[in-house]
Structure formats: C-alpha cells, structure tokens
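Engineer: 3D, please:
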Amino acid sequence: MNIIKISNRYCRSSLGLILLLFLSFSVQGFAQTYLVKGKVSSQGEALKNVMVTDGDNTTLTNSKGEYSLHVSLHSTFVYVSTTAGYLPKDSLNVPQFYKPLRDNNSTYNFELIKNKKDDTNHVVLVHADPQFFKEEQFKLYETVIDDCIETISGYKDRDVFGIDCGDLTADRPHFYSPYINILNKTDVPFYRVLGNHDMENGGRTKEESVHQFESYFGPSYYSFNRGNAHYIVLNNVFYLGRPYSYMGYIDEQTYRWLEQDLSYIAEGSLIFVAMHIPARLTEEVKPFGYNQESIRQQTVNIDPLFKMLEPYNAHIFTGHEHYNKNIIHSPSLYEHNTAAISGSFWQGDYCWDGTPIGYGVYEITGNDVKWYFKSGGHPRSHQMRVTPVGSSAEHPDDIIVNIWNWDKNWKVEWTENGEYRGDMIQFTGHDPTTAEGFTDKENLEFKWLSPVPTDHLFRATPRSKDSKIEVIAKDSFGEVYRERL
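Structural biologist: Down below sits the predicted model:
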C-alpha cells in the first residue's frame with residue numbers, strides 16, 4: 001500500500017509538472033505571435049476565401065471578408081494572395097498587395113480592384129536580369145521596353161502583366177527608381193523576384209539581406225491568382241554572410257509557408273513558380289558537387305519543391321544564367337530559364353548562348369499554356385539564326401542553327417536547293433555569332449566575357465557551301481518557322 005501511495009503521489013507530481021511545462025511552452029508559443037485583423041473588400045463587396053499571410057502563418061477571409069491572423073514577431077508584412085478576377089492597387093506599377101506591419105497597429109484592411117478584363121485568358125511577359133551598372137544602359141533598356149509595349153498592344157482582349165525574375169540592378173539599389181519608371185511605360189503591373197544582385201551585402205544573416213529590396217517591392221516571397229492559374233514568387237537566394245557570396249537554397253520558413261499556400265489550391269491546377277536561381281539545369285538528376293559554381297547555379301535543396309508540385313501542372317520561371325534553356329523535369333513540371341534582358345551585361349546584342357536580348361511571352365487560355373521567346377526589335381517569327389559553312393570553328397563544314405527557345409518537343413529539318421534533307425543534328429557547342437563578337441576584347445568592358453556551351457544548336461553538312469538552304473523548325477505547339485540562307 002505504501003508503495004502504491006508513493007507511486008500515486010509521484011504520478012500526480014509528475015503530471016502537475018508536465019502540465020506546468022506544457023502551459024509554460026504554450027504561453028511562450030503564443031508570446032511569439034500577436035493578433036492582427038482586418039477586412040478584404042472591393043468597392044464595398046466583401047471578398048471571402050482570400051488568403052492572408054505574414055509569410056509565416058496563413059488564414060482565409062470569412063464570408064464577411066474578415067480575417068484574424070497570428071503574426072510572428074519577426075514578420076515585416078501582412079499581405080494577401082489576390083484572388084482571380086481582382087487586382088491589388090498599384091503604386092508606380094509595383095503591385096500593392098502588402099502592408100508593412102507597424103507598432104501599435106492591429107488592423108490591416110485591403111481594398112482590391114475588380115479586373116476590367118476576364119483574366120481566364122491572360123498573358124505574362126517574363127523578364128530576367130536587367131542588371132544595370134551604368135546610367136547609359138537605361139537607354140538600351142528603353143528600346144526593349146518599347147518592344148514590350150508593341151507586344152502588349154497585340155493582346156488588347158487579354159489581361160497582361162509581367163514577372164521580372166531578379167537581378168533588377170547590379171548591386172545598385174539607387175537604380176531601382178529609374179528602372180521602375182521606365183518599366184511603367186508598359187502600363188501593366190510587374191511582379192518582382194529577388195536576385196543575388198538585389199541582396200544587401202554586409203548583413204549578418206540571410207534575413208538581413210532582403211530589407212532594401214523589400215522597401216521597394218514588398219515581401220520577397222508571395223503568391224497571387226489570375227484566371228485558373230496560381231502564381232508563386234519565391235526567394236531562393238541564400239546569403240552566406242560574406243559580400244557577393246550566396247547559394248541557391250529555399251529555407252525552411254519559406255517551405256512551411258509554401259505548404260500552407262498550396263493547401264488552398266486544388267490538385268491538377270495550373271501553377272507558375274518564379275524564382276531567380278534555376279531549380280535544376282538538367283532533366284536527369286546528376287551527382288551534385290558542392291563547389292562554388294554548382295551551389296550558385298542551381299537550387300541545392302530543390303527536391304522538396306518538386307515533390308510539392310507533383311499534384312499540379314507546374315511551370316517554373318528562372319533567370320540568373322544569362323542564357324535561354326527549357327528543361328522538362330517531368331510531364332507536369334517544366335522549367336523555363338529565361339535569357340537576360342541585358343544580354344551579356346549590355347555589351348552586344350546577345351546572351352552568352354547566342355540568344356538575342358528579349359523576354360518570354362506566355363499565353364494562358366483557361367488551363368492551357370503556350371509560349372514563345374520575343375527577341376527585341378524583331379518580329380515574333382524570329383525564333384532562330386542560321387549561319388553559313390565556315391562560321392563555326394567546332395564544325396567548319398556545317399551550317400549552324402541556333403534555336404534559343406528549343407526543347408526536345410521541337411522538330412528541326414532542312415532542305416538544300418529545294419531538296420528535303422531530313423532532320424538536322426542537335427548538338428552542344430558555342431554559338432558562332434556570339435563567339436565572334438566576344439573576340440573583340442577591346443570593345444568589351446568585361447574582358448572575361450566568353451560564349452557558353454548550349455544544347456539548342458543544330459548542324460548539317462551541305463553538298464556545297466554555295467547551296468541554297470532552308471531550315472524548317474516546328475515548335476511544341478505546331479507553329480512552323482522558316483529561315484533561308
């Protein structure tokens with residue numbers, strides 16, 4: 001009996017201690033957050049089922065458009081994932097879907113604008129790496145923006161917006177304002193992605209590196225909806241604590257937030273993810289080397305993102321590499337690594353792989369997606385460049401074709417003097433035009449510039465170098481492009 005009594009007293013004491021610790025931890029847990037509330041509406045209409053977040057926790061508005069949200073002490077913003085059919089207010093064409101968290105303020109209301117166009121069918125312009133390091137480069141940028149304006153004018157019946165995949169300047173935040181002002185000429189909103197050259201250097205942590213970018217453009221990761229599509233912008237540039245030192249990496253807080261965000265999206269939905277550093281640069285999984293080049297060129301912990309996207313029809317927009325590359329990771333996951341709108345840092349007309357200065361155009365019709373690359377100053381039909389026999393040091397007896405938006409679903413054929421000669425040979429090599437341009441080091445500000453190998457090249461050996469050649473390329477959507485030599 002005495003043993004049992006002692007045991008009962010011990011159990012009661014232990015239970016009391018456990019409850020005390022639990023309450024203590026619970027109080028500490030709640031102490032790490034505070035409650036904010038508000039309403040999401042449009043012209044007096046309450047908007048329900050709008051996701052509201054602080055980048056850590058999420059909630060949905062109720063039937064009255066009201067929400068309450070536990071906000072983490074370290075959070076900087078409260079923001080909404082704008083619902084289809086509605087737009088955030090703009091300030092200098094920077095979408096105002098967010099509000100900075102202020103001391104002594106617990107109420108944050110959001111007023112959205114009813115989209116005047118049916119956004120079920122919409123168009124996205126995808127830019128990457130403007131990367132200005134001199135004021136005179138803005139004049140070159142304006143010519144590309146004028147081309148964007150012409151492209152937009154061809155979609156009067158569609159909702160149009162843009163996404164810029166980062167490196168908005170070359171570590172020169174004072175250039176953000178002129179960059180915004182020039183892009184405003186398009187008269188469509190652009191959503192921004194943080195790039196490695198948009199980080200602040202010198203901070204003690206990754207979290208400290210985003211403040212300057214966020215002061216201009218808001219949260220560095222967020223989402224929004226257009227038509228049937230869900231758009232997600234991620235920050236996958238991880239600052240390593242030393243100037244200009246980073247890797248492609250998605251941190252745990254972002255992944256936790258993303259899990260919540262996707263929990264509101266039905267399986268099978270169309271999803272676009274935009275981030276700066278590529279997810280993975282090859283279709284096949286290769287052994288990963290943890291050297292400086294490898295960790296900067298792709299996202300080292302991308303597998304969880306791929307897993308999260310498996311239930312969806314997903315596309316990933318990336319930049320960073322200053323070349324164009326389409327990677328089909330799976331039948332439902334497609335990555336578009338977009339060529340730099342600055343080309344080779346505004347030196348010449350091409351990127352390192354021979355892709356012209358330009359941008360991606362994505363036409364979304366319901367759940368269907370079509371795309372093409374729009375070369376600045378050229379018609380939409382300009383999808384390849386053919387160079388004659390002798391232009392390539394690697395294949396001197398061949399004609400060379402560069403098809404910058406190629407993927408493995410394209411078909412590339414050729415004729416010689418009107419005679420059908422069959423499929424061209426796809427290979428990895430250097431674009432002849434770019435290779436020649438980079439030999440003139442005297443006119444290059446960066447003498448180290450050189451062409452990079454690319455796999456969107458094709459070759460064929462004509463019977464005579466004087467033959468009349470026609471190249472016929474059919475893209476994934478059945479569009480046929482022809483070039484003659």
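Engineer: who does the host helix or strand of residue 139 touch, helix- and strand-wise?
Structural biologist: For residue 139, the element it lies in under DSSP states H and E is helix 137-153. With contacts defined as 3 or more Cβ pairs under 8 Å, 6 or more residues apart in numbering; DSSP states H and E, the packing partners of helix 137-153 are strand 121-127, helix 176-183, strand 358-365. Placement of C-beta: from N, CA and C, glycine included.
Engineer: Now render the ones you listed as a markdown table, adding distance to residue 470.
Structural biologist: Rendered in a markdown table, the data for the helices and strands packed on helix 137-153 read as follows (distance: least, Cβ to Cβ, whole Å):
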| stretch | distance to residue 470 |
| --- | --- |
| strand 121-127 | 31 |
| helix 176-183 | 38 |
| strand 358-365 | 24 |
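Engineer: quick one, which of these is nearest to residue 212?
Structural biologist: Closest to residue 212 of the helices and strands packed on helix 137-153 is helix 176-183 (Cβ to Cβ; 8.6 Å).
Engineer: Please tell me the pLDDT value assigned to the residue nearest the centre of the chain.
Structural biologist: What sits nearest the mean C-alpha location of the chain, by Cα atoms, centre = their mean, is residue 274, with 2.5 Å. At residue 274 the predicted local confidence, pLDDT, stands at 98.
Engineer: any chance you could map the helices in the stretch 251-400 of the chain?
Structural biologist: Listed from the start of the chain, the stretch 251-400 of the chain has helices (DSSP state H, counting those that start in this stretch) covering 252-263, 292-297, 303-309.
Engineer: so the residue nearest to the centre of the chain makes contact with residue 236?
Structural biologist: No: at 10.1 Å, residue 274 does not count as touching residue 236 under the criterion of Cβ atoms under 8 Å.
Engineer: which one is residue 363 nearest to, not counting chain neighbours?
Structural biologist: Closest residue to residue 363 apart from its sequence neighbours, by Cβ to Cβ, 6 or more residues apart in numbering: residue 370 at 4.7 Å.
Engineer: Can you get me a residue count around the one you found?
Structural biologist: Residue 370 has 14 neighbours, counted by other Cβ atoms under 10 Å.
Engineer: do you know how far it is from residue 362?
Structural biologist: Using Cβ to Cβ, to the nearest Å, we find residue 370 at a distance of 7 Å from residue 362.
Engineer: Repeat that for residue 80.
Structural biologist: Here the criterion is Cβ to Cβ. By it, residue 80 lies 23 Å from residue 362.
Engineer: more crowded one of those two?
Structural biologist: For residue 80 against residue 362, the residue with the higher neighbour count under other Cβ under 10 Å is residue 80, and the figures read 25 against 19.
Engineer: Count the neighbours of residue 143 for me.
Structural biologist: The number of residues packed around residue 143, counting by other Cβ under 10 Å, is 11.
Engineer: what sits against it?
Structural biologist: Contacts for residue 143 were tallied using Cβ atoms under 8 Å, 6 or more residues apart in numbering; they are 376, 377.
Engineer: at 10 Å what do you get?
Structural biologist: For residue 143, the set of contacting residues under the criterion of Cβ atoms under 10 Å, 6 or more residues apart in numbering consists of 357, 376, 377.
Engineer: Could you tell me the per-residue confidence at the last one?
Structural biologist: According to the model's per-residue confidence, residue 377 sits at a pLDDT of 96.
Engineer: in terms of contact, does it touch residue 146 like I think?
Structural biologist: Yes: A contact is recorded between residue 377 and residue 146 when judged using Cβ atoms under 10 Å, the distance being 9.0 Å.
Engineer: can you map out the strands along the stretch 301-450 of the chain?
Structural biologist: 313-318, 325-330, 333-337, 358-365, 368-375, 385-387, 399-402, 411-416, 419-423, 425-429 (DSSP state E, counting those that start in this stretch).
Engineer: per-domain residue ranges of this protein.
Structural biologist: For the chain, the domain assignment from automatic domain parsing gives the residue ranges 1-31, 33-111, 120-375, 385-484.
Engineer: Go through the ones you listed and pick out the most buried.
Structural biologist: Among the domains of the chain, domain 120-375 has the highest mean neighbour count (mean count of other Cβ atoms under 10 Å), at a mean of 19.
Engineer: Bridging across strands, which residues link to the residue lying closest to residue 222 once chain neighbours are set aside?
Structural biologist: Spatial nearest neighbour of residue 222, chain neighbours left out: residue 233 (5.5 Å); criterion: Cβ to Cβ, 6+ apart. Beta-bridge partners for residue 233, by DSSP bridges, are residue 222, residue 274.
Engineer: picking up where we left off before, now for residue 274 and residue 236: what residues contact both?
Structural biologist: Jointly contacting residue 274 and residue 236 under the rule Cβ under 10 Å, 6+ apart are 166, 193, 318.
Engineer: got a pLDDT number for the last one?
Structural biologist: Reading off the confidence values, residue 318 has pLDDT 98.
Engineer: thought it was touching residue 273?
Structural biologist: Yes: counting by Cβ under 10 Å, residue 273 is a contact partner of residue 318 at 8.9 Å.
Engineer: Nice, that's everything, thank you.
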